[in-house]
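Engineer: Show me how the following folds:
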Amino acid sequence: MSTDDDGRRRGLARRTARVLLLDAAERLLLFRMAPPSGGAEWLTPGGGVGRGEPLAAAAARELWEETGLRAAPAELGRPVALTGGYADLGWKRGRFEDVFFLHRVDTHEVDTGRMEPYERGTTTGHRWWPVAELATTAERVIPLGLPELLPGLLAGRLPAEPVRLPWHH
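Structural biologist: Below is the predicted model:
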């Protein structure tokens, strides 16, 4: 796939910039989403990349909107993981790509007051998950492959290229 001027890949139905937000207690922030179609899943903060918006800027914007945490795009560094594939979500269908950045904080009190109305309608909670617990939970956590990815990131081993994680649809 080729790249447009705005950094988005042609042929994508949607590209998202997401953040693996880890605190000093080695916990990952996830949001519990319960879409109207049923089921529930835990997701990282993040969302759609606007036309012409750099990925790190989109990730920083989404982090602010969904958690109340301000981070400069440069603080997020380069992507550490990505996943993608085909999905039919009802409201959009085609090839999707999710790009993940890593950000660490000592602690943070989550403020969801700037979420979009549709996000507030499907977000049923948030939780700081102990990383070890992610490997044993029976709940659906997206992206797939997080339990294998996080220990290296926690140890400070950043990949030279984003790690490709399994697609979740």
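Engineer: any idea which helix or strand comes after the host helix or strand of A58?
Structural biologist: Here A58, judged by DSSP states H and E, is contained in helix 55-67. The C-terminal neighbour of helix 55-67 among helices and strands, as given by DSSP H and E, is strand 81-88.
Engineer: Any chance you could list what contacts that next one?
Structural biologist: 12-13, 20, 93-100, 143-145, 149, 159, 162-169 (Cβ atoms under 8 Å, 6 or more residues apart in numbering). Using the backbone N, CA and C atoms, a C-beta is placed for each residue, glycine as well.
Engineer: For the protein, which element, helix or strand, carries the lowest mean pLDDT?
Structural biologist: Taking mean pLDDT, DSSP states H and E as the measure, the helix or strand of the chain with the lowest value is helix 117-122, at a mean of 81.
Engineer: And that helix, what's buried?
Structural biologist: Neighbour-count burial for helix 117-122, counted by 16 or more other Cβ atoms under 10 Å, picks out E119.
Engineer: Which positions within the helix or strand following that helix qualify as buried?
Structural biologist: Per DSSP H and E, helix 117-122 leads on to strand 123-130 as the next helix or strand towards the C-terminus. By neighbour count on 16+ other Cβ under 10 Å, the buried set for strand 123-130 is T123, H126, W128, W129.
Engineer: Once you drop chain neighbours, what's closest to the third one?
Structural biologist: So the one you mean is W128. Of all residues not flanking W128 in the chain, R27 sits nearest, at 3.9 Å (Cβ to Cβ, 6 or more residues apart in numbering).
Engineer: again, but for the last one
Structural biologist: In space, W129 comes closest to L28 once its chain neighbours are excluded; the distance is 5.0 Å by Cβ to Cβ, 6+ apart.
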